[in-house]
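*Asks:* A structural model of the following input is requested.
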Amino acid sequence: MLVVISIMALATAGVGLAMRDGGQTQLEREAARLAALLESARAQSRAGGIPVRWRALPGGFRFEGLPRSAQAALPNQWLDPGTVVRGPAVLQLGPEPLIGPQQVLITHQSSPDRTLRIATDGVRPFSVDAVQ
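*Replies:* Model (predicted):
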C-alpha cells in the first residue's frame, strides 16, 4: 500500500511540475482572442467599406468606426484585468484589403518580462508570437 501511495505521490508531483503557469496560459488566451477579434473587425471593415480602428484603453480596448450594433457584439474588456498593452495602442484595420504592417504588444502585470506580439504584415491575418 505504501509503495502504491509513493508512486501516486511521485506521479502527482511530476504532473504538477509539468503544468504550465496559469498566468502564461491566460496571456496566450488573451493574445489569441485579440487576434481573432482584430480579424473579425478587419473583415467587417472591408465588407462595409468603413475605416475601423482598434484602440487600447486602461483596462480594455475599443473598436472605433463600426456601427453600434457591431460594436455591441464585440467585447471591450480583457478576460483578465491584469492584461496590459505595451507601446503604441492604435491599429488601423481597414477598409482597404491591404493594410500596413502593424502590431500590438501585450503583457501581464504578474509577469511583465513575458510579452506577446499580435501582428500582421498587412496581407496575412493577425498572428501571435513571443517577443524575445
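*Asks:* which SSE is the residue nearest in space to the middle of the chain in?
*Replies:* Closest residue to the average C-alpha location of the chain: residue 31 at 1.8 Å, with CA atoms, centre = their mean. Applying DSSP states H and E as the criterion places residue 31 in helix 22-48.
*Asks:* quick one: mean pLDDT over that helix.
*Replies:* Taken as a whole, helix 22-48 has an average pLDDT of 90.
*Asks:* packing partners for that helix?
*Replies:* Contact here means 3 or more CB pairs under 8 Å, 6 or more residues apart in numbering; DSSP states H and E; on that basis helix 22-48 packs against strand 52-57, strand 60-64, strand 83-86, strand 90-94, strand 102-108, strand 111-120, strand 127-130. C-beta here means a position set from N, CA and C on the backbone, and glycine is covered the same way.
*Asks:* turn those strands into CSV, columns for mean neighbour count and mean pLDDT.
*Replies:* Listed next are the helices and strands packed on helix 22-48 as CSV, based on neighbours: other CB atoms under 10 Å; pLDDT from 0 to 100:
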stretch, mean neighbour count, mean pLDDT
strand 52-57, 18, 95
strand 60-64, 17, 94
strand 83-86, 18, 93
strand 90-94, 20, 92
strand 102-108, 19, 94
strand 111-120, 17, 92
strand 127-130, 13, 94
